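Everything below, folded, please.
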Amino acid sequence: MSRSHGLANGRPTSEQVDGRLRVAVVDYGAGNLVSVEQALVAAGAAVTLARVAGDLGGADALVVPGVGAAGPAMARLQRAELIGPILHWIGNGRPYLGICLGLQLLFESSDEDDTSTLGVIPGQVQRLTGAPTLPHTGWNQVSQVREHPLFEGIADGADFYFVHSYAGEPAGGDDRDWKLGVTTHGGSFTSAVAADNVLGVQFHPERSGLDGLRLIANFVGWASHRAHVPALSAAKRA
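The predicted model follows:
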């Protein structure tokens, strides 16, 4: 089996899974996956690298990370024929976590490239307004607007690491249904979302110290419950 950065392509072997949650991390050339993999493994997950639709086979949860612009990212997903499978995954109620660009792609469109995106969340990705500096790079607080297992054991206002100039904003009456966390950088923007089986964060938990590792572990525990994988003790590790 071919490997990249310690990740296995496609369906995990029985030796890799060993009763753990099987997480497919989508590799579409939009960022460094090593730190994401390491955080998931530390949380007790078995990680596979997904470059084509067939690589999603056998997975229990899907993580789409990424940095950069929406236009090139959507083009790469289109070339890999992954857009349909990702939408099918979400539509079937299966656990999904979007990180940074992986969250932005869930919205209907992005002003960054005037690009249509996945359309899962009503609303647009827009340039941060009133920002004192762009890109917004470094540590900043995330204020939790409601309770959710993703932030279990994490203090309201905890600092996470950001690198971005754009953020998605849920539209209309759906904003309260989706919005989970907000952050201020000049103006306020949505920094975490959650609805049913879909979670997303604008920050990089894999680069956010102990609270970031805790959030990843919370995702693994939450996804394990939704995927009916035996309960893990992973959340205690972060």
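
Name the residue closest to the centre of the protein, please.
The C-alpha lying nearest the average C-alpha coordinate of the chain belongs to residue 98 (CA atoms, centre = their mean; 2.0 Å).

Which strand or helix spans it?
Assigning secondary structure by DSSP states H and E places residue 98 in strand 96-99.

Which strands and helices lie in contact with that strand?
Counting by 3 or more CB pairs under 8 Å, 6 or more residues apart in numbering; DSSP states H and E, the packing neighbours recorded for strand 96-99 are strand 61-64, helix 83-91, strand 198-201. Yep, even glycine has a C-beta here, placed from its N, CA and C like the rest.

Mind checking these for the one nearest to residue 19?
Nearest of the helices and strands packed on strand 96-99 to residue 19, taken as CB to CB: strand 61-64 at 14.6 Å.

then the helix or strand harbouring residue 169 to CSV, C-alphas only?
Take DSSP H and E as the rule and residue 169 turns out to sit in strand 166-170. Taking Å, rounded to 0.1, in the frame of the first residue of the first chain, the C-alpha atoms of strand 166-170 are listed here in CSV:
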residue,chain,number,x,y,z
TYR,A,166,-11.8,35.7,4.3
ALA,A,167,-14.6,34.1,6.4
GLY,A,168,-18.0,32.6,5.7
GLU,A,169,-21.1,34.1,7.3
PRO,A,170,-24.3,32.1,7.5
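
what is the mean pLDDT for the helix ranked longest in the chain?
In the chain, taking DSSP state H as the definition, the longest helix is helix 209-226. In this model, helix 209-226 carries a mean pLDDT of 97.

Packing partners of it?
helix 34-42, strand 61-64, strand 159-164, strand 198-201.

Starting from the second one, tell me which strands it pairs with and how they run.
Next to strand 61-64 in the sheet, as set by DSSP bridges, lie strand 22-26 (parallel), strand 96-99 (parallel).

how about those in a markdown table, adding distance to residue 228 and mean pLDDT?
Converted to a markdown table, the strands paired with strand 61-64 look like this (distance: least, CB to CB, whole Å; pLDDT from 0 to 100):
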| stretch | distance to residue 228 | mean pLDDT |
| --- | --- | --- |
| strand 22-26 | 12 | 97 |
| strand 96-99 | 16 | 98 |
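
who touches the next helix or strand after the strand holding residue 98?
Elements were assigned by DSSP H and E; along the chain past strand 96-99, the next helix or strand is helix 101-104. Contact partners of helix 101-104, identified using CB atoms under 8 Å, 6 or more residues apart in numbering, comprise 26, 30-31, 63-68, 70, 73, 98, 110, 117, 125, 166-168, 193, 200-202.
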